[in-house]
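J.: here's my sequence, what's the structure:
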Amino acid sequence: MSNIRLFFLQSLSLNLTAKLDKSQSHYVNKVMRVKVNETFSLFNSDGEWEVKVKEITKGIVEFIATKQLRHKENSKEIWLAFSPIKSNYFNFMIQKATELGVTKFLPIIFDRTAVRKINKERLQKIIIEAAEQSNRINVPSIEDPQNLKNFLIKNKNKTDLIFTDLNTQNKKLDVKKLSKKPICLIIGPEGDFSETEREEILSFDEVTPLKINNNILRAETAAISAISIINYLIDL
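T.: Residues are numbered from 1 along each chain as shown. Below you'll find the model as predicted:
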């Protein structure tokens, strides 16, 4: 089997016969030169499957699912609540956060957020590509941008919030004492949280302020650092 693995939006099951879309067909047939009867893998929330090329007609690849390689993942949910930032840094942050295991992205428009619109379609493409290359099965979701107040109301009693706050003195986090809810990291904008926002976050029922570094970090650096720390603590 080739090392090609692609995200497939539709449901997957044994002996399923279906077709790739035009873009994926071009990649499999023209770029990777996969031929009839050769195999590659497809994945989604159903798991990962070995599929065999049945036919290539007018550039469209038809396949049959022949074997389940992996079952769906049941890993700890890690959410990232963040401020949109400039494009190149933004794309990098989304890509690396996906590789590190984030399961949901929640863009928040803070008082000091400079970038107030996102290209959700473009970000979803980056997420899928990062999931494909990092051997993930579950592809993270991304929500529409919202303000901080709506985020806090909507997620009340739904998550353990880890507040990456430069002003706190707390540098310790015992993830085993957290609930079974998803862990949500909240990262501030490039100009940091306003004092009002800091007070609103600290009033959240299940929030833990955490200083991840003594230095002032760029937004994308803070996000990647915080996710790495949480992953390390989860695996202890």
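
J.: show me the strands in this protein, by range?
T.: With DSSP state E, the ranges of strands along the chain come out as 5-7, 17-19, 39-44, 47-57, 60-71, 78-82, 104-109, 141-142, 146-147, 160-164, 183-186, 207-210.

J.: how far off centre is the longest helix anywhere in the chain?
T.: Ordering each helix of the chain by length in residues (DSSP state H) puts helix 219-235 first. Put simply, helix 219-235 sits 13 Å off its chain's centre (C-alpha atoms, centre = their mean, to the nearest Å).

J.: what is the neighbour count of residue 231?
T.: Close neighbours of residue 231, defined as other C-beta atoms under 10 Å, add up to 15. Placement of C-beta: from N, CA and C, glycine included.

J.: then residue 194?
T.: Close neighbours of residue 194, defined as other C-beta under 10 Å, add up to 15.

J.: was I right about it contacting residue 83?
T.: No - in this structure, residue 194 is not within contact of residue 83 by C-beta atoms under 8 Å, at 11.8 Å.

J.: overlap of the contact sets of those two?
T.: Residues touching both residue 194 and residue 83 by C-beta atoms under 8 Å, 6 or more residues apart in numbering: 110, 112.

J.: mind listing what's buried in the longest helix of the chain?
T.: 219, 220, 221, 222, 223, 224, 226, 227, 229, 230 (16 or more other C-beta atoms under 10 Å).

J.: which non-adjacent residue is nearest the fifth one?
T.: Take residue 223 and drop its neighbours on the chain: the residue closest to it by C-beta to C-beta, 6 or more residues apart in numbering is residue 187, 4.9 Å away.

J.: so what's the one you found up against?
T.: Residues near residue 187 by C-beta under 8 Å, 6+ apart: 80, 81, 82, 83, 164, 219, 222, 223, 226.

J.: would you confirm that the fourth one contacts residue 111?
T.: Meaning residue 83. No - judged on C-beta under 8 Å, residue 83 makes no contact with residue 111 at a distance of 9.9 Å.

J.: so what sits against both of those two?
T.: Overlap of the contact sets of residue 83 and residue 111 (by C-beta under 8 Å, 6+ apart) consists of residue 189.

J.: higher neighbour count, these two?
T.: The neighbour comparison of residue 83 against residue 111 (other C-beta under 10 Å) goes to residue 83, with 27 against 15.

J.: next, count neighbours for the residue lying closest to that one once chain neighbours are set aside.
T.: Leaving aside its sequence neighbours, residue 83 sits nearest to residue 189 (C-beta to C-beta, 6+ apart; 3.6 Å). Close neighbours of residue 189, defined as other C-beta under 10 Å, add up to 21.

J.: let me see the confidence value for residue 189.
T.: Looking at residue 189, its pLDDT stands at 92.

J.: again with the one 3 residues further on
T.: At residue 192, the predicted lDDT confidence score is 90.

J.: what does the one 4 residues further on give?
T.: Here, the pLDDT recorded for residue 196 equals 96.

J.: wait, isn't it in contact with residue 111?
T.: Yes - Residue 196 is in contact with residue 111 according to C-beta under 8 Å; the separation is 7.4 Å.

J.: alright, that wraps it up for me.
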